[in-house]
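A.B. asks: Generate a structure from the sequence data that follows.
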Amino acid sequence: MYDVIIIGAGLVGLGTANALQEHHPSLRLLVLDKENGAAAHQSGHNSNVVHSGIYYPPGSLKARLAKQGNRSIYTFCQQHGLYHDRCGKMIVATQPKELPLLENLYQRGLQNGLDVSRLSQAELKEREPYVNGIEAILVPDAGIVNYPEIAAKLAEIIQARGGDIHYQQQVQNIREHNGYVEVQTQQTHYQAKWLVNCAGLHSDRIAQLAGYDTGMKIVPFRGEYYVLNSSKNYLVNHLIYPVPNPDFPFLGVHFTRMYNGNRDVGPNAVLAFKREGYRKTDFSPRDLAEVLTYKGFWKIASRYFGEGVAEMRRSFSRQLFTENARQLIPDLQPEDITPGPAGVRAQALTADGKLVDDFHFVVGRRSLHVCNAPSPAATASMEIGREIVRRYFAEL
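C.D. replies: Below is the predicted model:
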């Protein structure tokens, strides 16, 4: 029997396994994943940005763990010789009506204890000569890493310490007993004293298998990226973000300098017709039916109908996508970008149509369920793990 079974070999699952081993070196630990390797979904399909915590309400888990995770990720990369580039982020106001929002964001950064500074138009032009902006915030601690590489190193460390990772094990049933929990996969069954659900896109379903109604449902949003032609890489020196629209729950199309030398443009945010739907043609009757029969989806769809239609149109039109991105870099042309990768964000949504904003845990009898861990969960993954250990597994 294991002490702890973790479901999910993404960054949050591996970060939790790492934290458990740090705190309990002799722990008998097992990580299960239905794929054939680590970081197969959200952890391996994202912008690879190391966030700072500027966007999140003071006092929230996201604010605290993003700030702590920012340090942890860079330290981990330095210790293990992994790629990291603390290139900094610019959050750019392109029109006067955005200046109050930019100021609010700046004050939030200060409240969250971050190293942030305001840049005038001239100072912005010195750093980003091709960006159209009237003022900006500089966030120097934001940067880029290679999250799949980090996940692979974490998996290696966990196994070197004696932990087990079993891939291609899809969980089919979970039964909690008085002193242990039983996990049934398509191939075998396992027993442990405790279970931690870090299943990301499927976290609500895993919780249901254990008998828990989380009060929320995972709704998948696909984010599509374009890649800037290498001859145009000079247009982008930092991570370049717009001032986020307060009426829309995503950060907007931005420019990212990547670990492979590319410059990515995106993402948009459109409903995915499959929880692991990275292509427009990916479709799951079960996944889509769950969304379309969930009253919370229709409430949020009506609230963001205009924005949702605009996002969908940009998904099918490179011209419209480029026009949106040109608000930041006016020189950008449709022929300067080619279709790139896509990711799917697992966003928890309540029945009354509210997006669950912060990281959220549900505690069971012999289990803990990480039910909402969207961005900045990759940045915060090691600290999410340590928070879980501190709160729930200090004594085993």
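
A.B. asks: Glu224 reaches Ala272, doesn't it?
C.D. replies: No. The criterion here is C-beta atoms under 8 Å, and Glu224 misses it with Ala272 at 10.2 Å. From N, CA and C alone the C-beta is placed, and that goes for glycine too.

A.B. asks: Show me which of the two is the more surrounded one.
C.D. replies: Ala272 (28 against 23; other C-beta atoms under 10 Å).

A.B. asks: residues in contact with that one?
C.D. replies: Applying C-beta atoms under 8 Å, 6 or more residues apart in numbering to Ala272 gives the contacts Pro220, Phe221, Arg222, Asp282, Asp287, Val344.

A.B. asks: Show me the two of those residues that sit farthest apart.
C.D. replies: Spatial extent of these (C-beta to C-beta) is set by the pair Phe221 and Asp282 at 13.2 Å.

A.B. asks: can you put the contacts of Ala272 in JSON lines and add secondary structure, neighbour count and distance to Lys125?
C.D. replies: Compiled in JSON lines, the contacts of Ala272 are given as follows (DSSP: H, G, I helix; E, B strand; the rest coil; neighbours: other C-beta atoms under 10 Å; distance: C-beta to C-beta, whole Å):
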{"residue": "Pro220", "secondary structure": "strand", "neighbour count": "24", "distance to Lys125": "39"}
{"residue": "Phe221", "secondary structure": "strand", "neighbour count": "20", "distance to Lys125": "34"}
{"residue": "Arg222", "secondary structure": "strand", "neighbour count": "25", "distance to Lys125": "34"}
{"residue": "Asp282", "secondary structure": "coil", "neighbour count": "17", "distance to Lys125": "42"}
{"residue": "Asp287", "secondary structure": "helix", "neighbour count": "20", "distance to Lys125": "46"}
{"residue": "Val344", "secondary structure": "strand", "neighbour count": "22", "distance to Lys125": "36"}
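
A.B. asks: wait, which of these is closest to Arg313?
C.D. replies: Proximity of the contacts of Ala272 to Arg313 (C-beta to C-beta) peaks at Arg222, which lies at 14.6 Å.

A.B. asks: how close does that closest one sit to Arg257?
C.D. replies: Between Arg222 and Arg257 the distance is 23 Å, computed by C-beta to C-beta, to the nearest Å.

A.B. asks: and what of Asp264?
C.D. replies: The value you get for Asp264 to Arg257, if C-beta to C-beta is used, is 8 Å.

A.B. asks: And Ala207, by the same measure?
C.D. replies: For Ala207 relative to Arg257 (C-beta to C-beta), the value is 37 Å.

A.B. asks: Could you do Val4 as well?
C.D. replies: Remark: distance between Val4 and Arg257 (C-beta to C-beta) = 38 Å.

A.B. asks: Surely Arg390 is within a helix?
C.D. replies: Yes. Assessed by DSSP: H, G, I helix; E, B strand; the rest coil, Arg390 belongs to a helix.
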